[in-house]
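Engineer: pasting the sequence and the predicted coordinates here, then a few questions.
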Amino acid sequence: VPGAGSPGSGQGVDLLELLEAEVLLEVERFEERVWGDVDPQTADKLREADREVTRAEESAASLRHLADQERQAQEEVLANLQRQQDRDRDRVHPGPPGGHPGAPPGARAHPAAHSDRQPAGGRQPGGGRNREEGGRQPGGR
């Protein structure tokens with residue numbers, strides 16, 4: 001049919017569907033002739049085997065679907081766990097890794113960088129040690 005397969009025409013799709021329906025009908029007729037030529041007992045056995053194959057395929061498809069659902073659920077749990085660990089890490093160590101921009105991943109800042117015990121001027125009086133550590137206190141004692 002000229003122009004039946006031209007792009008944009010629905011005729012090509014319609015023709016293809018019509019041919020597919022005709023082929024399926026011919027296959028069914030052929031199967032009926034084959035079954036008619038087969039011994040009835042053998043035909044029953046073949047039909048039962050065909051039903052078993054169909055059940056096994058359906059079961060396999062169902063199991064694949066369940067496995068996919070389980071995989072997706074596990075991936076979601078892992079992603080949630082990773083997000084929670086990231087939030088927890090951000091609460092414990094706020095700011096960029098290493099305490100300054102450009103620090104390599106996994107680097108940690110020096111503990112003194114996060115200490116709130118040091119005055120803004122740098123070292124504590126008494127050489128950086130407090131009274132419990134045996135350092136001198138202002139005033140000589």
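Structural biologist: Nice, I can see it.
Engineer: and the helices in the protein?
Structural biologist: 10-37, 40-92 (DSSP state H).
Engineer: mind putting those into CSV with mean pLDDT?
Structural biologist: Converted to CSV, the helices of the chain look like this (pLDDT from 0 to 100):
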stretch, mean pLDDT
helix 10-37, 88
helix 40-92, 93
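Engineer: could you dump those helices into CSV with mean neighbour count added?
Structural biologist: (C-beta placed from N, C-alpha, C; glycine too.) Putting the helices of the chain into CSV (neighbours: other C-beta atoms under 10 Å) gives the following:
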stretch, mean neighbour count
helix 10-37, 11
helix 40-92, 10
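Engineer: how near is Arg89 to Val27?
Structural biologist: Remark: distance between Arg89 and Val27 (C-beta to C-beta, to the nearest Å) = 62 Å.
Engineer: same question, Pro40
Structural biologist: 22 Å.
Engineer: same thing with Leu63?
Structural biologist: 29 Å.
Engineer: and Asp88, by the same measure?
Structural biologist: 62 Å.
Engineer: contact partners for Ala43?
Structural biologist: The contact partners of Ala43, by C-beta atoms under 8 Å, 6 or more residues apart in numbering, come to Trp35.
Engineer: how does it look with 10 Å?
Structural biologist: 34-37 (C-beta atoms under 10 Å, 6 or more residues apart in numbering).
Engineer: any chance of those residues in JSON lines, plus distance to Lys45?
Structural biologist: JSON lines is the format used below for the contacts of Ala43 (distance: C-beta to C-beta, whole Å):
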{"residue": "Val34", "distance to Lys45": "14"}
{"residue": "Trp35", "distance to Lys45": "12"}
{"residue": "Gly36", "distance to Lys45": "16"}
{"residue": "Asp37", "distance to Lys45": "15"}
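Engineer: of those residues, closest to Glu52?
Structural biologist: Of all the contacts of Ala43, Trp35 has the smallest distance to Glu52: 17.1 Å, by C-beta to C-beta.
Engineer: thanks again, I'm all set now.
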